[in-house]
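Engineer: Here is a sequence with its predicted model. Questions after.
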Amino acid sequence: MSSRTKAKGIFCIESGDWWSDLRKSSTVKPILNVLQQEGYHNIPHRTAYTEEEFDAYIRLWSLKKIANYPILYLAMHGESKELRFEDSSISLKELGAKLAGKCRGRVIYLSACETMNCDRRELRTFLKTTEALVVCGYSVSVDWLESVAFELAFFSDIQKNVFQRNGMEAVRRRMLPFAKSFGKHLDSFEFRMEVHPGY
């Protein structure tokens with residue numbers, strides 16, 4: 001990243017345990033470390049084991065004083081239209097309600113299997129409710145390591161564009177074809193990116 005380019009900060013909330021196996025310690029922290037080495041400086045990372053912890057962190061992120069971190073990176077388990085915690089889940093609609101009117105000009109990356117497996121109208125409603133500029137993620141189950149590699153490329157690419165509709169459409173045009181090069185089979189890595197139509 002050019003020294004003259006101001007990084008658009010990332011706030012990461014990660015689920016507490018990916019594998020329920022003490023022998024495995026997978027985390028997205030390495031991707032954050034790489035980004036920091038490229039000039040992103042501090043990237044806040046929080047772990048949410050429960051919905052209550054998650055709620056506290058997204059409330060913090062949505063505050064105006066956190067405007068320097070316009071990208072919310074939710075690295076969690078998921079299923080169609082839902083994010084999952086150890087003993088509960090939250091629907092895309094419920095997440096929209098928690099963030100209603102608080103995300104203008106911001107990007108929400110749902111790094112969770114299948115969460116974006118829904119009708120486009122539901123994504124448009126989510127954007128309208130939250131006023132977010134972009135919501136993106138996966139509509140199928142994806143390989144964990146492959147998704148982390150793709151996200152590193154995405155977060156690097158998104159820095160090159162203004163956080164307006166035309167800038168995000170440019171990111172979308174580049175990243176959707178790029179996503180097809182990931183996955184064990186072509187077209188199996190189904191990344192979706194919906195841009196707010198009103199910006």
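Structural biologist: Nice, thanks for sending it over.
Engineer: Does Arg172 touch His196 like I think?
Structural biologist: No. The pair formed by Arg172 and His196 falls short of the contact definition of Cβ atoms under 8 Å, at 12.0 Å. Where C-beta positions appear, they are placed from N, C-alpha and C, glycine not excepted.
Engineer: More neighbours: these two, which one.
Structural biologist: In this comparison of Arg172 against His196, neighbours counted by other Cβ atoms under 10 Å, the higher total goes to His196 at 22 against 18.
Engineer: Phi and psi next, for that one.
Structural biologist: Listed backbone geometry of His196 is phi -60, psi 120, with angles given as degrees, to the nearest 10.
Engineer: OK, contacts around it?
Structural biologist: His196 makes contacts with Leu127, Lys128, Glu131, Ala132, Leu133, Val134, Arg165, as judged by Cβ atoms under 8 Å, 6 or more residues apart in numbering.
Engineer: Which pair of these spans the longest distance?
Structural biologist: By the measure Cβ to Cβ, these have their two most distant members at Lys128 and Arg165, which lie 14.0 Å apart.
Engineer: for the residue positioned nearest the centre of the chain, helix, strand, or coil?
Structural biologist: Residue closest to the average C-alpha location in the chain (Cα atoms, centre = their mean): Tyr109, at 1.4 Å. Using DSSP: H, G, I helix; E, B strand; the rest coil as the criterion, the local structure at Tyr109 reads strand.
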